[in-house]
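J.: give me a 3D structure for the following:
(one chain, ligands or ions: 2)
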Amino acid sequence: MKVAVGSKNPVKIRAAKAAFIGADYEIFAIDAESGVSDQPMSDEETIKGAVNRAIAAAEKGEAEIGIGLEGGVQQTPYGLLLCNWGALAVNGKEPFIAGGARIPLPDEVARQLLAGSELGPVMDEYVKKQNVREKEGAIGIFTNGQINRSEMFTHVMKLLAGQFEYDRNQTKQEKL
Ligand SMILES: O=P(O)(O)OP(=O)(O)OP(=O)(O)OC[C@H]1O[C@@H](n2cnc3c(O)ncnc32)[C@H](O)[C@@H]1O
Ligand SMILES: [Mg+2]
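T.: Numbers count the residues shown, from 1 in each chain. Ligands and ions are numbered 1, 2, ... in the order given. Alright, predicted model coming up:
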């Protein structure tokens, strides 16, 4: 089965490969529009971005399965939380969705996002490193390396692949 991942970010591609293992799956990366802002500011907007990317990836890549992984933030009474969502699109079905781990961002970082900056460049400036978003990610920095961005997205990908497989097995049983 062809699996099109709607991003060229290596952490996202690695995560997809970790969830779809075996000769059955041919996984490849393709640019796909999220159709939402570069810095989604709510769960709802982040989910929408993931779903749009999943559908666009499947169409553009002419794949049976499209994957969209999207990072965002959500304002809560406990601070601005990092949020991450994934979507898996298969033709003729409502996309499957799954959420990732969430932690609050430090006030200094949160303030800049609320003022309109994107997390990627803010993180690079905050830790004086380049391309944090393609490496450990904000989640890796603020968990002292315990969970990096690729591991977090791997968890999301397993939640997606698992839901897809469960649904496929149910459908098979119904046919018997
Ligand atoms: O190439 P794409 O797939 O777009 O990968 P991306 O790293 O830009 O990832 P998203 O668009 O899903 O993330 C939305 C925004 O949040 C930033 N971001 C999200 N999670 C991050 C993290 O863990 N560390 C650093 N930046 C992050 C990212 O740079 C974007 O500005
Ligand atoms: Mg992006």
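J.: how about the strands in this protein?
T.: All strands of the chain, identified by DSSP state E, fall at 2-5, 26-29, 65-76, 79-90, 96-99.
J.: for the closest residue to Ser37 other than its chain neighbours, which residues are in contact?
T.: Nearest residue to Ser37 in three dimensions, chain neighbours excluded: Glu45, at 7.0 Å (C-beta to C-beta, 6 or more residues apart in numbering). C-beta here means a position set from N, CA and C on the backbone, and glycine is covered the same way. Under the criterion of C-beta atoms under 8 Å, 6 or more residues apart in numbering, the neighbours of Glu45 are Val36, Ser37, Gly72.
J.: in this structure, which helix is the longest?
T.: helix 149-175 (DSSP state H).
J.: winner for burial among the strands of the chain?
T.: strand 65-76 (a mean of 25; mean count of other C-beta atoms under 10 Å).
J.: can you put the contacts of Glu45 in JSON lines and add distance to Ala161 and pLDDT?
T.: Output for the contacts of Glu45, formatted as JSON lines (distance: C-beta to C-beta, whole Å; pLDDT from 0 to 100):
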{"residue": "Val36", "distance to Ala161": "24", "pLDDT": "98"}
{"residue": "Ser37", "distance to Ala161": "28", "pLDDT": "97"}
{"residue": "Gly72", "distance to Ala161": "22", "pLDDT": "97"}
